[in-house]
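**Q** need the 3D shape of this:
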Amino acid sequence: MSTTVRRLLLLLLLSVSSSVASDTSTPSLLEPFRSSFVSPDYAGCVTLYKRGRAEGCGAMSRDVQSGVIVGYDTDISKQENDYVVLVPESQLTMATVQSILGNNRNGMLQGILVTNETLVYGKNIYHNPAAVNPLGKKTPSQSMSYGNDYPWNPKGQKLVHLDFQGVPMVYLRDAEVGQSLWQELLLSKSGGPVIKASFNYYMGSPESSMNSVKCLTWKDQADGVWRPKCSPLGGHSVWSRVMAQQQQDDGNRRRLEDAAADNNDQKPLLLVATRMDAMSLFHDLDFGANQAASNILATVLAARMVGQVSDLSSLKNEIVFTLFQGESFGYLGSRRFLLDVVGGFECASDPVPSVSTNSDGSSDTLACLYPLRPSLEFSNLNGANMAGMLVVDQIGVLTTKKNFYVHADKTDFGAYLTNILVGLSDDDDVGYTISESYIESDDDEYPLDDDDVTLPPTPLTSLLSITGGATGGAILAGYDNAFVTTYGSRHDGTLNYNAIAAAATTLARATVAAAYDSDDDDDSETAVAYALEAIPSALEADDELLLELGACLSVQANCALLKRYASVEASTEATRTGMPIGVGPYLGRSDAQNVERSEANYYVSVFSGQPFVRVGQSYYGAYNNNNYGKDASDAVAEQPTLLEQALRGLLNDFLGTSSDEVKSCTSTADCKTVNCSTTGSSSICTGGHVCVCGPAAHYHLALDEGLEATPNQAGTGYFDITSGSSSSALYTEPYWDNHVGVQVYVDSERPSLANYITLGLGFVTVVVSVVTGRQFR
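**A** Below you'll find the model as predicted:
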């Protein structure tokens with residue numbers, strides 16, 4: 001062998017050795033896990049407790065759970081060490097998950113990673129994790145349902161209600177990371193680096209029998225002190241009267257006994273209602289564009305159109321707009337509101353001014369300290385004489401092009417609303433057809449008895465359930481016999497502004513028509529004609545507020561518009577109560593990682609904004625002693641979210657009445673001179689920087705009906721389980737570990753085939769060097 005050949009061989013071996021070593025240490029776009037631990041951007045599936053068995057994906061151990069990453073289609077029976085399963089989003093079905101959990105007989109399964117496949121499939125992934133019968137049959141809320149046995153979500157995989165048995169699962173947001181991870185997995189099978197994942201994902205007690213009742217009433221065995229281990233889900237619904245319908249003698253600061261006496265003379269109540277939350281398996285991915293955002297947009301814009309009608313005082317029914325929070329978890333908002341308004345709320349003691357310095361109640365709303373209600377404005381609504389409810393649901397994505405559907409119950413008012421909505425379909429300026437739903441029609445082809453009530457899950461379900469079907473209404477929806485396939489999934493992120501504009505116009509006109517005082521209660525044609533005259537122009541799809549608010553509620557959460565309205569509301573309440581009320585939790589957020597995000601998140605979350613009462617220097621979730629009012633700082637307050645605050649501000653802007661003189665403002669202090677004597681209210685500033693008479697809009701507790709805040713217990717977060725309701729779902733979220741997270745990394749303790757090749761080539765290099773060196777002597 002010549003010297004030249006020997007030198008070339010030596011250089012070649014050194015080059016190969018160096019190259020292989022470099023491949024196992026140098027990070028690149030396709031190899032993001034090789035240099036060190038990586039904390040990927042993820043969305044978590046959390047554990048939720050209920051009255052019965054838990055559901056969700058949190059770990060039950062405080063220990064870090066780690067394992068080698070394997071594919072979902074791997075033969076798990078051959079695994080000898082702890083492992084983590086990698087699942088592509090397109091395969092996240094009940095069958096896949098049950099197979100993974102069912103094969104975990106040896107307890108070595110440490111977690112599940114779900115990868116984003118947007119780069120492969122776009123958004124055409126048609127498995128959604130919601131129930132087939134959302135809030136209905138075989139769900140935790142089935143006892144509160146009313147005629148909801150129909151499979152509205154036939155594509156549903158029912159994963160949202162599955163107990164993952166202490167196996168944590170997260171969704172990797174970044175599609176490129178997911179793609180890289182699958183490539184790394186293929187390399188590891190052929191001798192490449194072995195990739196592992198670790199979960200620090202403790203979310204609740206390891207006791208298999210743990211439920212909401214136990215965790216809410218938990219007392220430490222060591223000292224017997226009550227220390228709850230969970231928080232209930234909840235928030236604040238937002239409702240608003242139309243101030244132009246109010247008269248001075250219908251003041252909004254009456255005591256309960258006065259309200260009860262006067263309600264007999266009030267107009268019947270017409271509720272225009274929708275939901276403002278959504279549900280998904282991964283709660284940080286509750287984008288809810290169609291499920292929540294489209295509802296909010298249509299309702300708020302319809303309220304603006306109704307508020308612009310020149311004469312509303314002569315309408316037969318009183319119009320109240322309502323946006324209910326927490327509907328996805330047992331109709332939290334609508335049931336609590338309707339139980340208080342229709343069922344008849346009883347305060348355990350005399351109402352008090354919500355700010356104690358206004359002891360005569362002349363310049364402040366009244367509150368009930370137990371059960372705590374920061375405002376008793378709802379007691380002025382005529383719940384004893386309700387006309388019915390008009391609901392809008394999922395109109396941002398239509399199952400049939402340019403077609404809405406009416407879902408109505410069997411009540412006379414339901415039929416009347418159906419005639420109104422179908423009658424409005426003939427108006428050319430909207431350009432959308434409105435048809436009676438195939439499911440609720442009298443078509444003999446559908447296998448239901450004529451007396452059956454089969455309605456999709458909306459706030460109307462709560463009204464029918466609470467009144468036993470005596471009071472009903474209708475739903476304007478974007479679907480006929482099935483929800484869109486993206487329901488309850490992260491792919492619910494698209495809005496059709498043309499459809500929303502048409503729905504808002506239809507909803508506004510239907511509201512006026514339903515409230516119209518015709519000579520014949522069944523004369524829908526006259527009512528429709530009146531509504532078209534009252535609201536002659538349809539909302540355009542390029543309306544400035546529609547586009548701006550639509551972006552805020554979908555892809556630009558925490559936008560300037562929402563922040564402006566929320567900050568003015570927060571400032572007004574802070575000044576009024578003397579409490580440290582600020583802008584609440586953002587709409588764009590990640591609960592697991594506590595970071596602000598651009599996309600909206602409509603998960604209701606835990607009831608962190610619980611109402612509270614300050615007595616002296618102490619704070620309580622409720623109070624029934626006699627010391628309230630003895631200190632000048634005593635007051636009742638609550639901390640809504642940014643979305644809830646902004647919606648209240650928008651409704652105040654649109655439904656509060658202006659005085660003869662329009663006055664601009666930056667805070668409510670600028671509105672003191674505005675005369676609101678015609679409505680018997682004060683004047684407030686809105687995020688639109690104008691003084692209006694109000695407030696027209698108010699918050700209402702959105703909390704499971706089986707709970708009330710414990711009185712006289714210092715601090716918040718303490719709840720009594722009431723005896724009045726034992727059938728509610730009672731959702732709670734357990735307290736998490738402070739360092740929840742997921743990491744992906746190379747297994748440094750397990751050399752790969754590439755490592756052995758590198759070592760072998762290095763050994764050959766040494767041998768050749770020795771041999772050639774001797775020959776060169």
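**Q** helix or strand next in line after the worst-scoring helix or strand of the chain on mean pLDDT, which one?
**A** Within the chain, no helix or strand scores below helix 3-23, which has a mean of 35 by mean pLDDT, DSSP states H and E. Using DSSP states H and E, the helix or strand that follows helix 3-23 in sequence is strand 42-44.
**Q** sheet partners, orientation included, of that next one?
**A** Counting by DSSP bridges, the strands paired with strand 42-44 are strand 169-172 (antiparallel).
**Q** which element follows the strand it pairs with toward the C-terminus?
**A** Downstream of strand 169-172 (by DSSP H and E), the next one is helix 175-189.
**Q** list the contacts of the helix or strand that that following helix is followed by.
**A** For helix 175-189, the following helix or strand on the C-terminal side (DSSP H and E) is strand 195-200. Strand 195-200 has contacts (CB atoms under 8 Å, 6 or more residues apart in numbering) with 33, 59, 64-69, 84, 110-111, 113, 168, 170, 181, 184-185, 188, 737, 739-747. C-betas here are computed from N, CA, C, even on glycine.
**Q** and stretch 224-239, what's buried?
**A** In terms of neighbour count (16 or more other CB atoms under 10 Å), stretch 224-239 has its buried residues at 228-239.
**Q** most widely separated two among the residues you listed?
**A** Lys229 and Trp239 (32.8 Å; CB to CB).
**Q** quick check: Lys78 vs Arg105, distance?
**A** 13 Å (CB to CB, to the nearest Å).
**Q** who has more neighbours, those two?
**A** With neighbours defined as other CB atoms under 10 Å, Lys78 and Arg105 compare such that Arg105 has more, 10 against 7.
**Q** which secondary structure state does that one sit in?
**A** What DSSP: H, G, I helix; E, B strand; the rest coil gives for Arg105 is coil.
**Q** how about stretch 412-423: buried residues?
**A** 413-423.
**Q** give me the three-state assignment for the nearest residue to Arg51 once chain neighbours are set aside.
**A** Excluding the flanking residues, the one nearest Arg51 by CB to CB, 6 or more residues apart in numbering is Leu730, at 4.6 Å. Under three-state DSSP, Leu730 falls in the coil class.
**Q** show the model's pLDDT score for Leu730.
**A** Model confidence at Leu730, given as pLDDT, is 96.
**Q** residue contacts, it?
**A** So Leu730 contacts 50-51, 212-213, 232, 330, 704, 706-707 (CB under 8 Å, 6+ apart).
**Q** recalculate using a threshold of 6 Å.
**A** Counting by CB atoms under 6 Å, 6 or more residues apart in numbering, Leu730 touches 50-51, 212, 704, 706.
**Q** residue boundaries of the strands in the stretch 601-750 of the chain?
**A** For the stretch 601-750 of the chain, strands defined by DSSP state E, counting those that start in this stretch occupy the ranges 612-615, 618-620, 635-637, 682-685, 691-694, 697-703, 707-709, 719-721, 732-734, 741-746.
**Q** thought Pro351 was touching Leu369?
**A** No: the criterion here is CB atoms under 6 Å, and Pro351 misses it with Leu369 at 8.5 Å.
**Q** quick one, which of the two is more surrounded?
**A** Between Pro351 and Leu369, Leu369 has the larger neighbour count (other CB under 10 Å), namely 26 against 21.
**Q** so the more buried one touches Tyr623, yeah?
**A** Yes: the pair Leu369 and Tyr623 passes the contact test of CB under 6 Å, sitting 4.5 Å apart.
**Q** mutual contacts of those two, please.
**A** Counting by CB under 6 Å, 6+ apart, the residues touching both Leu369 and Tyr623 are Val613.
**Q** okay, now the unreliable bits of the stretch 501-650 of the chain?
**A** For the stretch 501-650 of the chain, applying pLDDT under 70 flags the ranges 518-521, 590-595.
**Q** burial measure for the closest residue to Phe337 other than its chain neighbours, as a count.
**A** Excluding the flanking residues, the one nearest Phe337 by CB to CB, 6+ apart is His700, at 5.0 Å. Neighbour count for His700, taken as other CB under 10 Å: 23.
**Q** also Arg53?
**A** Neighbours of Arg53 (other CB under 10 Å): 13.
**Q** show me what contacts it?
**A** With contacts taken as CB under 6 Å, 6+ apart, Arg53 has the following neighbours: Asp163.
**Q** just to revisit the earlier point, can you say which of the contacts of strand 195-200 are buried?
**A** Here, 16+ other CB under 10 Å leaves 33, 59, 65-69, 84, 110-111, 113, 168, 170, 181, 184-185, 188, 740-747 buried among the contacts of strand 195-200.
**Q** average model confidence for stretch 152-165?
**A** 94.
**Q** only alpha carbons, please: show it as CSV.
**A** Written as CSV, here are the backbone C-alpha positions of stretch 152-165 (Å, rounded to 0.1, in the frame of the first residue of the first chain):
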residue,chain,number,x,y,z
TRP,A,152,-76.4,16.5,17.1
ASN,A,153,-72.6,15.8,16.8
PRO,A,154,-72.4,12.5,14.9
LYS,A,155,-68.6,13.0,14.3
GLY,A,156,-68.0,13.3,18.1
GLN,A,157,-65.4,10.9,19.6
LYS,A,158,-66.6,11.4,23.2
LEU,A,159,-63.1,12.0,24.4
VAL,A,160,-64.0,15.1,26.4
HIS,A,161,-65.7,12.9,29.0
LEU,A,162,-63.1,10.1,29.1
ASP,A,163,-61.1,9.3,32.2
PHE,A,164,-57.5,8.9,31.0
GLN,A,165,-56.7,7.1,34.3
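**Q** just to revisit the earlier point, which one of the buried residues of stretch 412-423 sits closest to His491?
**A** Distances from His491 to those, taken by CB to CB, are shortest for Leu421, at 28.8 Å.
**Q** which elements pack onto the helix or strand the closest one falls within?
**A** Element membership for Leu421, per DSSP H and E: helix 412-424. Secondary-structure packing of helix 412-424 (3 or more CB pairs under 6 Å, 6 or more residues apart in numbering; DSSP states H and E): strand 403-408, strand 473-477, helix 497-515, helix 524-534.
**Q** what residues sit buried inside stretch 399-408?
**A** Buried residues in stretch 399-408, defined by neighbour count with 16+ other CB under 10 Å: 399, 403-408.
**Q** ditto for stretch 651-665
**A** Neighbour-count burial for stretch 651-665, counted by 16+ other CB under 10 Å, picks out 651-659, 663, 665.
**Q** any idea of the mean pLDDT for it?
**A** 84.
**Q** what is the end-to-end distance of it?
**A** Distance between the two ends of stretch 651-665: 17 Å, counting by CA to CA, to the nearest Å.
**Q** do the same with stretch 216-234
**A** Stretch 216-234: ends 14 Å apart by CA to CA.
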